[in-house]
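Novice: Everything below, folded, please.
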Amino acid sequence: MINFNQLRVFYHAAKYQNFTTAAKKLFITQPAVTAQLKLLEEFCGLKLFKRKGRKTYLTDEGKTLYSYARQIFEYEKEIEHVIDDMKELKRGVLRLGTTKTYARYFMPFLMTSFHESYSNIKINLDEGSSLDMIRSLLDLRNEVAIIAKAEDNPDVCFIPFSQEELVVILAPDHHLTQKKIISFRELGEEPIIMKEVGSGTRRLVNELFSVNNCEPDILMETSNTEFIKQLVQRGEGVSFLVREAVALELGEGKLASVPLEGGKIVLDVSIAYLKNQHLSRPAQAFLDILKKLSPEDMTPQGIGTLMAKMLARRK
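Specialist: Just a heads-up that it's a prediction; the model follows:
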């Protein structure tokens, strides 16, 4: 196998066609250059240099070898630049996971904010249920996720990030809209269009029905928030969604909501990443941006508040 150090000495000697200059560039002595070149010639079984007077020239074999050595060491320089770029966050990949609701209503603002600081970092955004995204961390498909805490896992670190209000949504002409407040028992008598198993919303709603000693009548389950809204508008059933996801429809009167007995329902959303896994520089930079959204206390707040903060910082 060719000795890479000998090849490096040859490259510099051939480039400058001067052993003294090569020695200076390599920070070694001229005799060391001569010795390394002799060993390389012995290994190759070829004469790579010839002399005429005090000048050094490449042989034809030396010229051929130099053409390849030059490509190697020019590529080495390129590799060094790539490494520097990755260290300085001028190159890299950010692998994120989040829920479909956050992907639609919050992540575009966050991605814009991140790219203002790190414009050359490629972002791979993965969407799915909170449980799916926890598994994506464990499978090393993603490094950071913004999700509801769908399950406890000793290998995953959860940092409180926001609290989203869950609201009951109904068709505007639904009979329950005539009430000032509704109970879970009343909801238990209605067909419910439920978020998919594995979502933080599904887990929380199931827990609330259980606490209130009643069972939900599940007509359908889906991960598609827009599909849920359309079905509810058509009177197919009622559902639970994050307020921010239905704010427009509620404001336009396309959907209705009635307060629940017992007060507001709050879904805790967290920043999640593996406890004992080193974060890449892009992932750490992204995490730092998330933390700066609430630098004083990291008290949870809703998507709307977080977006308002981000927009204010950009002005």
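Novice: can you pull out the strands in the stretch 151-300 of the chain?
Specialist: Using DSSP state E, counting those that start in this stretch, the strands of the stretch 151-300 of the chain run over 156-170, 191-195, 217-222, 239-242, 256-257, 265-274.
Novice: Those strands into TSV, with extra columns for mean pLDDT?
Specialist: Rendered in TSV, the data for the strands of the stretch 151-300 of the chain read as follows (pLDDT from 0 to 100):
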stretch	mean pLDDT
strand 156-170	91
strand 191-195	95
strand 217-222	94
strand 239-242	94
strand 256-257	96
strand 265-274	91
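Novice: and the ones you listed, which is most packed in?
Specialist: Between the strands of the stretch 151-300 of the chain, strand 239-242 has the highest mean count of neighbours, a mean of 25, where neighbours are mean count of other CB atoms under 10 Å. For the C-beta atoms, the positions are set from N, CA and C on the backbone; glycine is no exception.
Novice: Show which residues not belonging to it make contact with it.
Specialist: The contact list for strand 239-242, computed with CB atoms under 8 Å, 6 or more residues apart in numbering, reads 101, 164-169, 192-195, 201, 205, 225, 228-229, 231-232, 265, 267, 303.
Novice: picking up where we left off before, nearest to H115, of the strands of the stretch 151-300 of the chain?
Specialist: Shortest distance between H115 and the strands of the stretch 151-300 of the chain, using CB to CB, is found for strand 265-274: 18.9 Å.
Novice: Give me the sheet partners of that closest one and which way each runs.
Specialist: The strands beside strand 265-274 in its sheet (DSSP bridges) come out as strand 144-148 (antiparallel), strand 156-170 (antiparallel).
Novice: Make a markdown table out of those strands and add distance to V258.
Specialist: As requested, the strands paired with strand 265-274 are arranged in a markdown table below (distance: least, CB to CB, whole Å):
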| stretch | distance to V258 |
| --- | --- |
| strand 144-148 | 23 |
| strand 156-170 | 6 |
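Novice: quick one, which of the ones you listed is nearest to N213?
Specialist: Across the strands paired with strand 265-274, N213 has its closest neighbour in strand 156-170 (18.2 Å, CB to CB).
Novice: Let me know the angle separating the closest one from strand 191-195.
Specialist: Between the axis of strand 156-170 and that of strand 191-195 there is an angle of 150 degrees, by axes from the mean of the first three to the mean of the last three CA atoms, to 10 degrees.
Novice: Quickly list the domain ranges of the chain.
Specialist: Following automatic domain parsing, the chain resolves into domains at 4-84, 92-162+269-314, 164-266.
Novice: lowest-confidence stretch among the ones you listed?
Specialist: Set side by side, those give their lowest mean pLDDT on domain 92-162+269-314, at a mean of 83.
Novice: helix/strand/coil for the residue sitting nearest the centre point of the chain?
Specialist: In the chain, the centroid-proximal residue (CA atoms, centre = their mean) is L96; its distance is 2.3 Å. Classification of L96 into helix, strand or coil gives strand, according to DSSP: H, G, I helix; E, B strand; the rest coil.
Novice: dump the residue contacts of it.
Specialist: Under the criterion of CB under 8 Å, 6+ apart, the neighbours of L96 are 107, 123-126, 142-146, 286.
Novice: can you do 7 Å?
Specialist: Contacts for L96 were tallied using CB atoms under 7 Å, 6 or more residues apart in numbering; they are 123-126, 142, 144-145.
Novice: roughly how far apart are it and K122?
Specialist: L96 is 11 Å from K122, where distance means CB to CB, to the nearest Å.
Novice: Please apply the same query to G45.
Specialist: G45 sits 47 Å away from K122 when distances are taken as CB to CB.
Novice: Between these two, tell me which one has more neighbours.
Specialist: Neighbour totals were compared for G45 and K122, and K122 leads with 10 against 7 (other CB atoms under 10 Å).
Novice: Test my guess that that one contacts R95.
Specialist: No. Contact criterion CB atoms under 7 Å: K122 and R95 do not qualify, at 9.5 Å.
Novice: Could you tell me how far the residue nearest to L166 when sequence neighbours are not counted is located from Y75?
Specialist: Taking CB to CB, 6 or more residues apart in numbering as the measure, L166 lies nearest to I265, with 4.2 Å between them; neighbours along the chain are not counted. Noted for I265: a distance of 58 Å to Y75, by CB to CB.
Novice: quick one, helices of the stretch 201-315 of the chain?
Specialist: Taking DSSP state H, counting those that start in this stretch, the helices of the stretch 201-315 of the chain run over residues 225-233, 243-252, 281-292, 303-314.
Novice: Please identify which of the ones you listed is closest to I79.
Specialist: helix 281-292 (17.2 Å).
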